[in-house]
Structure formats: structure tokens, C-alpha cells
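In: pasting the structure only:
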């Protein structure tokens with residue numbers, strides 16, 4: 001089936017093209033993000049493939065439907081960027097990749113904890129400049145620290161397992177507790193998790209209920225100097241509240257792989273431009289903040305699985321099946 005693939009980079013082509021050829025599908029790669037201004041590029045394509053920062057809004061869905069698109073393939077797990085009600089009314093079926101490599105994200109999460117704690121990024125730059133002093137690089141033992149894991153689905157459970165291996169005490173929070181996680185940690189209320197945790201890591205979807213889960217009230221309950229990690233969805237964190245927490249010292253460390261206004265920033269080389277997002281630029285001024293550009297998923301294993309499942313979803317749609325289809329609840 002002919003498919004317009006938005007937000008493509010060289011690495012997308014590397015993995016998607018062989019998977020499409022094996023499944024008998026024809027892909028047209030489009031570098032632009034899917035927006036109201038670029039939706040016209042999908043005219044005449046029965047299917048489109050979008051990524052995490054492509055906006056499949058009601059306006060975009062209407063344009064896609066007018067152009068003959070019937071299927072929307074998300075090469076990501078999250079679907080908060082999709083107006084499912086509008087797609088349903090317009091007859092556009094939506095499928096996602098529910099799990100590609102939870103290990104990739106979980107490992108990146110723990111890597112951010114270690115980098116912030118032991119300041120690897122700062123040590124690397126010092127040594128390259130011939131500075132071998134270790135003052136101000138003081139860290140702490142992860143062993144024995146209390147880590148709060150919010151969201152214990154596949155990624156959260158794997159992160160919890162890794163941290164259990166470090167000898168951390170685990171406090172867990174989820175609306176659906178995991179039997180596996182119960183064996184290595186204790187489920188508690190969010191209030192208790194905030195009060196008791198030395199490190200807090202987020203692994204939950206972005207929904208109306210979890211939007212700005214980490215806000216001023218939540219931060220005020222946390223231990224002074226707590227470490228906060230978010231490799232899940234940017235909208236889980238109220239960025240201005242986090243900045244206030246960093247300034248007050250309530251937050252001692254912050255690691256972000258996602259950002260609530262990342263669509264205009266991440267996945268692009270903006271090194272020769274003036275970045276207009278003042279809130280994001282304020283974050284970069286803090287010495288105890290580490291930001292990566294939504295790369296937690298970015299392993300060869302994950303990209304191969306994303307390509308494979310995306311093409312399987314397309315084949316299923318072509319045959320009238322509903323593999324990994326997302327519907328409005």
C-alpha cells in the first residue's frame with residue numbers, strides 16, 4: 001500500500017525501507033512534520049505514517065480524509081497527539097506500536113540517573129581540557145537509596161528491576177499494580193512516594209489525569225534535593241514549576257528526555273539558530289539539569305521493531321484486520 005511517511009530522518013529510511021519491501025508496501029518519505037500546513041502532501045495516499053511530534057488534530061484528520069487517507073500508522077506507543085474522535089468520525093483507522101524496546105527506555109532512564117549523580121558529562125569535558133581535578137564531582141551511592149517509580153507498565157517494571165539490582169528501595173505507584181513489581185517493591189500513594197523518595201522516575205502515559213502530574217504542589221511534598229527523571233511524556237511535568245523547584249533547591253537534579261514543548265526543538269539541528277523557547281533555555285542554565293533530545297527509544301533493536309510492527313499494522317489494515325488499532329475509549 002502507498003504510504004506517506006512524515007518526520008523522516010536517515011535512520012527511519014534505514015529501518016523502514018527494508019521492512020516495507022519485505023511486506024510489499026511502497027513508502028514515500030517526507031522530512032516535514034505532519035501539521036495542518038503539510039497534510040496536503042499526503043493527498044492521494046491511502047495511508048500515512050507519523051511520529052511522536054506529528055499533530056494528528058481534527059484539522060489535520062479532515063485534510064487527510066479529504067485527500068483519500070484511510071489509515072494512520074503511528075510509529076510510537078503514545079497517541080495523545082491524535083484526535084481519535086475526529087479520526088473515527090472521518091473513517092480514519094489508527095494503529096500504534098505498543099511496545100518496541102522497553103529495555104531501551106529503561107536503560108536510558110538509569111543512565112540519566114547515573115550521569116546526573118556521578119556527573120559523567122562534566123568529567124568528560126574536564127578531562128578533554130586537561131583538568132583532572134575531581135572537586136565538585138561528588139556523587140552518592142545508588143545502593144540503599146529510595147526510588148519512586150510512577151507507572152509500572154513494561155518500561156517502568158524493567159527500570160524497577162534494574163534499580164532493584166543496584167540495591168535501591170523501591171516505592172511504586174500505578175492504577176494497575178504489577179504482580180512482578182510487588183516482589184521487588186511496595187505500592188504506595190503518590191503523596192507517600194513524593195515524601196519518601198530520593199529519586200523519582202516517570203513511566204506513565206500522558207492523559208488528562210496525568211497532565212502536569214509533577215506540579216508545584218507535588219514538588220513541595222518532595223524531599224529537598226530529590227532527583228527527578230522523565231523519559232515518558234513531556235506533558236507530565238509542569239516545566240515552570242520544575243524551574244521554581246530547581247531555584248529553591250527542592251529539586252537537586254533533573255533529567256529530561258522529553259519536554260512538553262519539544263515539537264519545535266527535538267530531532268532537529270538548531271545549532272545555528274536562536275532558540276525562541278525562553279522556558280527551555282532557562283532550563284539549560286542550571287548545572288544540575290541533564291536534557292537529551294527524546295533519544296531514550298533510539299537503539300537498533302527498537303528501530304527494527306518499530307519498522308516491523310508498523311508494516312505489520314499496515315498489512316493488517318489492508319486485509320481488514322485490526323492489529324494494534326487505537327480507538328477512542
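Out: Looks like it arrived, so ask away. Remember, predicted model here, so these are calculated numbers, not experimental data.

In: going forward, measure contacts and count neighbours with C-alpha atoms only.
Out: OK.

In: dump the residue contacts of the residue nearest the centre of the chain.
Out: The chain has residue 232 as the residue nearest its centroid, 3.9 Å off, counting by CA atoms, centre = their mean. Counting by CA atoms under 8 Å, 6 or more residues apart in numbering, residue 232 touches 202-205, 257-258.

In: In strands, which of those fall?
Out: Using DSSP state E, the subset of the contacts of residue 232 located in strands is residue 202.

In: hang on, the earlier thing: measure the residue nearest to the centre of the chain to residue 149 for me?
Out: Distance of residue 232 to residue 149, given as CA to CA, to the nearest Å: 12 Å.

In: Find the residues that touch each one of the two.
Out: In contact with both residue 232 and residue 149: 202-203, using CA under 8 Å, 6+ apart.

In: Now residue 245: which helix or strand?
Out: helix 239-248 (DSSP states H and E).

In: Please name every helix or strand in contact with that helix.
Out: Using 3 or more CA pairs under 8 Å, 6 or more residues apart in numbering; DSSP states H and E, the elements in contact with helix 239-248 are helix 216-221, strand 251-256, helix 278-283.

In: quick one: contacts for the nearest residue to residue 35 once chain neighbours are set aside?
Out: Closest residue in space to residue 35, ignoring its immediate chain neighbours: residue 55 at 5.7 Å, by CA to CA, 6 or more residues apart in numbering. Going by CA under 8 Å, 6+ apart, residue 55 touches 33-35, 81-82.

In: Columns pLDDT and distance to residue 4 on top of those, output as CSV?
Out: Shown next, in CSV, are those (pLDDT from 0 to 100; distance: CA to CA, whole Å):
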residue, pLDDT, distance to residue 4
33, 95, 11
34, 96, 10
35, 95, 13
81, 90, 18
82, 94, 17
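
In: Which one (most neighbours) among these?
Out: Most neighbours among those, by other CA atoms under 10 Å: residue 34, with 25 neighbours.

In: Can you pull the phi/psi pair for it?
Out: Phi and psi for residue 34, reported as degrees, to the nearest 10, are phi -80, psi 110.

In: Just to check, residue 90 is in contact with residue 60?
Out: No. At 11.0 Å, residue 90 does not count as touching residue 60 under the criterion of CA atoms under 8 Å.

In: Who has more neighbours out of these two?
Out: Higher neighbour count among residue 90 and residue 60: residue 60, with 23 against 17, using other CA under 10 Å.

In: The stretch 51-200 of the chain: strands as residue ranges?
Out: 71-74, 93-95, 146-150, 169-173, 186-187, 199-202 (DSSP state E, counting those that start in this stretch).

In: Deepest in the core, which of those strands is it.
Out: When you average the neighbours per residue for each of the strands of the stretch 51-200 of the chain (mean count of other CA atoms under 10 Å), strand 71-74 leads with a mean of 26.

In: The lengthiest helix in the chain: which residues count as buried?
Out: Ranked by residue count and defined by DSSP state H, the top helix of the chain is helix 300-318. Buried residues in helix 300-318, counted by 16 or more other CA atoms under 10 Å: 302-317.

In: For that helix, name the packing helices and strands.
Out: If contacts are counted by 3+ CA pairs under 8 Å, 6+ apart, helix 300-318 sits against helix 10-23, strand 71-74.

In: Chain neighbours aside, what residue packs nearest to residue 85?
Out: Using CA to CA, 6+ apart, the nearest residue to residue 85 is residue 328, at 6.1 Å.

In: How much space separates that neighbour from residue 210?
Out: Taking CA to CA, one finds residue 328 at 17 Å from residue 210.

In: How about residue 313?
Out: When residue 313 is compared with residue 210 (using CA to CA), they lie 28 Å apart.

In: separation between the closest residue to residue 67 other than its chain neighbours and residue 238?
Out: Leaving out its chain neighbours, the residue that sits closest to residue 67 by CA to CA, 6+ apart is residue 43, at 4.2 Å. Separation of residue 43 from residue 238 (CA to CA): 37 Å.

In: With residue 311 instead?
Out: In this view, residue 311 and residue 238 are 36 Å apart by CA to CA.

In: what's the answer for residue 55, then?
Out: Computed as CA to CA, the residue 55 to residue 238 distance reads 21 Å.

In: quick revisit: what's the most buried one of the helices and strands packed on helix 300-318?
Out: Mean neighbour counts for these (mean count of other CA under 10 Å) peak at strand 71-74, with a mean of 26.

In: Measure how far it is from the centre of its chain, please.
Out: 19 Å (CA atoms, centre = their mean, to the nearest Å).
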